[in-house]
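Enquirer: model the structure of this input:
(one chain, ligands or ions: 1)
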Amino acid sequence: MKHYSHLNTAALILTQYKGAQPFGLFIKDFFKADKKYGSKDRKRISSLCYSYFRLGKIGEELQLQERILLGLFLSAGEPDRLLGLEKPEWNANVSLSIGEKLALTGHVFEPGQLFPGITEVSPLVDRHPFVLSHFIQPDLFLRLRPGREERVKAGLADAGISFEVISNDCLALPNASKLDDVVSINHDAVIQDNSSQRVIELLDSVPGFVPKSVWDCCAASGGKSLLIYDRYPGVQLTVSDVRENILANLNKRFREAGITQYKGFVADLSKPVKPNGSFDLLVTDVPCTGSGTWGRTPEQLVFFSEGKIEEYASRQRQIILNTWKHLKPGGYFLYITCSVYKKENEDAVAFATQNTALKLVRSSLFQGYERRADTLFAALFHYEK
Ligand SMILES: C[S@@+](CC[C@H](N)C(=O)[O-])C[C@H]1O[C@@H](n2cnc3c(N)ncnc32)[C@H](O)[C@@H]1O
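Expert: Here you go, the predicted structure:
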């Protein structure tokens, strides 16, 4: 029976996966090596694996296949054929709350079992809804580029793709939406999480600030740079990252977005660097645990090791020290993480104010756990003249 074959294949994959690479890449390679799975099978098997990861450490005493069923039950919003066959009582109760479902299966809600390093999470985070949000896959968000808003919405409507309007320039879509032939990605709209889009609010809160020169220090494929460019057209962008190959992605993306005038270089900011010149605005979207985004990569709930929090925090402190001095006097420094751990957020802010000439303007947690989005932290500093 197909349902049991899906369960067995999910169990096989989970036995082989040891957390060394993102699960999305691992399962892609698995299916590439064994072509017998059709697209519906692949989707179902992936979904069983992902709902298993969402359990974190709950039900560790159970056999693997029982745990997969438990994950399926806790994540399911509607009755499911496999659950119906194997766990009819659970299947009749899929609409219960997570707490009630746990009680029905003989488990108790224990935040520390669901989320690694729960005691290190910032007090700004409301732990109960945050932890429970990991049972739901976040949405896909589009940031509509200036002047393209109506064209993108019309294209989606014509293609019959449902979306929710979050704001004038932000749409939420179901995660599996196929946009390739419908939206000109990067030209008309950028795939960017809603909280990630919202960090611009910190810059908007400074009256009259329009930077002429910006260095996006940890640019990756340029999500924040594109955001900045759209808010401040004509800005001179400088971008850098430690990974040369990711800057190749950025170049492609910028081409698609119509950005041709910018400077890019490879730099390891854990060491002192000399960029060309100084800047009105520095964006340091630092490498971090990514713990505010684990609804999208729930394997981390199982494999993350808490010792890494301090490793990241230490690298973040080095990056702050090596970058802030390249600001022009009067300039602004925007520090961003997609982490919920205090060490990477509030403690980094305290470190910056104690060890640089930067003054905190404001910081904010962009909470995504009640909006099917990621959770980010950002702090804006001023380098006073
Ligand atoms: C959170 S990501 C940046 C995301 C990006 N700003 C965006 O909006 O899409 C952090 C980036 O920092 C880079 N990075 C990690 N260690 C670094 C280092 N020592 N120096 C410079 N960049 C580093 C990583 O390669 C990664 O691309």
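Enquirer: buried ones in stretch 333-348?
Expert: By 16 or more other C-beta atoms under 10 Å, the buried positions in stretch 333-348 come out as 333-346, 348. Bear in mind the C-beta positions are built from the backbone N, C-alpha and C, glycine included.
Enquirer: over to stretch 122-136?
Expert: Buried residues in stretch 122-136, defined by neighbour count with 16+ other C-beta under 10 Å: S122, V125, R127, F130, V131, L132, S133, H134, F135.
Enquirer: what's the one helix or strand the fifth one maps to packed up against?
Expert: Think V131. Using DSSP states H and E, V131 sits within helix 127-132. Applying 3 or more C-beta pairs under 8 Å, 6 or more residues apart in numbering; DSSP states H and E, one finds that helix 127-132 contacts helix 111-114.
Enquirer: care to break this protein down by domain?
Expert: Structural domains assigned to the chain are 2-109, 140-191, 194-383, following automatic domain parsing.
Enquirer: can you lay out the ones you listed as JSON lines showing distance to I118?
Expert: Listed next are the domains of the chain as JSON lines, based on distance: least, C-beta to C-beta, whole Å:
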{"stretch": "domain 2-109", "distance to I118": "10"}
{"stretch": "domain 140-191", "distance to I118": "26"}
{"stretch": "domain 194-383", "distance to I118": "10"}
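Enquirer: what about W294, how many neighbours?
Expert: 25 (other C-beta atoms under 10 Å).
Enquirer: quick one: contacts for the closest residue in space to it that isn't next to it in sequence?
Expert: Among residues not flanking W294 along the chain, Q300 sits closest, at 4.6 Å (C-beta to C-beta, 6 or more residues apart in numbering). Each residue near Q300 by C-beta atoms under 8 Å, 6 or more residues apart in numbering is listed here: P116, G290, S291, W294.
Enquirer: please apply the same query to A373.
Expert: P138, D139, F141, A172, D193, N194, S195.
Enquirer: the ligand is nearest to which of the domains of the chain?
Expert: Closest to the ligand of the domains of the chain, according to C-beta to the nearest ligand atom: domain 194-383, at 2.9 Å.
Enquirer: how far out from the middle of the chain is the closest one?
Expert: Using C-alpha atoms, centre = their mean, to the nearest Å, the distance from the centre of domain 194-383 to the centre of the chain it belongs to is 13 Å.
Enquirer: that domain close to the ligand?
Expert: Yes. Applying C-beta under 6 Å from any ligand atom, one finds domain 194-383 touching the ligand at 218-221, 223-224, 241-243, 246, 267-270, 285, 287.
Enquirer: now, of those, which are buried?
Expert: The buried subset of the residues of domain 194-383 next to the ligand - by 16+ other C-beta under 10 Å - is C218, A219, A220, S221, G223, K224, D241, A267, L269, S270, D285, P287.
Enquirer: quick revisit: which of the buried residues of stretch 333-348 sit farthest apart?
Expert: Of all pairs drawn from the buried residues of stretch 333-348, the greatest distance, 21.6 Å, lies between F333 and V340 (C-beta to C-beta).
Enquirer: measure stretch 346-365 end to end?
Expert: Taking C-alpha to C-alpha, to the nearest Å, the span from the opening residue of stretch 346-365 to its closing residue is 10 Å.
Enquirer: with just CA atoms, put stretch 289-306 into CSV.
Expert: Output of stretch 289-306 as CSV, limited to C-alpha atoms (Å, rounded to 0.1, in the frame of the first residue of the first chain):
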residue,chain,number,x,y,z
THR,A,289,22.1,30.4,14.5
GLY,A,290,19.0,31.2,12.3
SER,A,291,16.9,30.1,15.2
GLY,A,292,14.1,32.5,14.2
THR,A,293,13.7,30.6,11.0
TRP,A,294,13.6,27.0,12.2
GLY,A,295,9.9,26.7,11.2
ARG,A,296,11.3,26.5,7.7
THR,A,297,14.2,24.2,8.6
PRO,A,298,12.8,22.1,11.5
GLU,A,299,15.7,19.6,11.4
GLN,A,300,17.5,22.2,13.5
LEU,A,301,15.0,21.4,16.3
VAL,A,302,16.6,18.0,16.4
PHE,A,303,20.2,18.5,15.4
PHE,A,304,21.2,22.0,16.7
SER,A,305,23.8,22.0,19.4
GLU,A,306,23.6,24.7,22.0
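Enquirer: before we move on, what SS does S270 have?
Expert: coil (DSSP: H, G, I helix; E, B strand; the rest coil).
Enquirer: strand partners (parallel or antiparallel) of the longest strand along the chain?
Expert: For the chain, the strand with the greatest residue count under DSSP state E is strand 327-337. Partners of strand 327-337 in the sheet, by DSSP bridges, are strand 279-285 (parallel), strand 376-383 (antiparallel).
Enquirer: run through who's touching the helix or strand just after that strand.
Expert: Counting by DSSP H and E, the element after strand 327-337 in chain order, helix or strand, is helix 346-355. Helix 346-355 has contacts (C-beta under 8 Å, 6+ apart) with 122, 124, 313, 316-317, 320-321, 324, 333, 335, 337, 358-360, 363, 379, 381.
Enquirer: now a PyMOL select for only the buried ones of these.
Expert: The following PyMOL selection, which keeps only the buried ones among the contacts of helix 346-355, applies the criterion 16+ other C-beta under 10 Å:
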select buried, resi 122+313+316+317+320+321+324+333+335+337+358+363+379+381
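Enquirer: ok, back up a step: columns neighbour count and pLDDT on top of the contacts of A373, output as CSV?
Expert: Below are the contacts of A373 laid out as CSV (neighbours: other C-beta atoms under 10 Å; pLDDT from 0 to 100):
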residue, neighbour count, pLDDT
P138, 23, 96
D139, 22, 97
F141, 26, 98
A172, 20, 98
D193, 24, 98
N194, 24, 98
S195, 25, 98
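Enquirer: related to what we said a few turns ago, doesn't the residue nearest to W294 belong to a helix?
Expert: Yes. Counting by three-state DSSP, Q300 is located in a helix.
Enquirer: quick check, nearest of the buried residues of stretch 122-136 to the ligand?
Expert: Looking at the buried residues of stretch 122-136 and their distance to the ligand, the nearest is S122, at 17.4 Å (C-beta to the nearest ligand atom).
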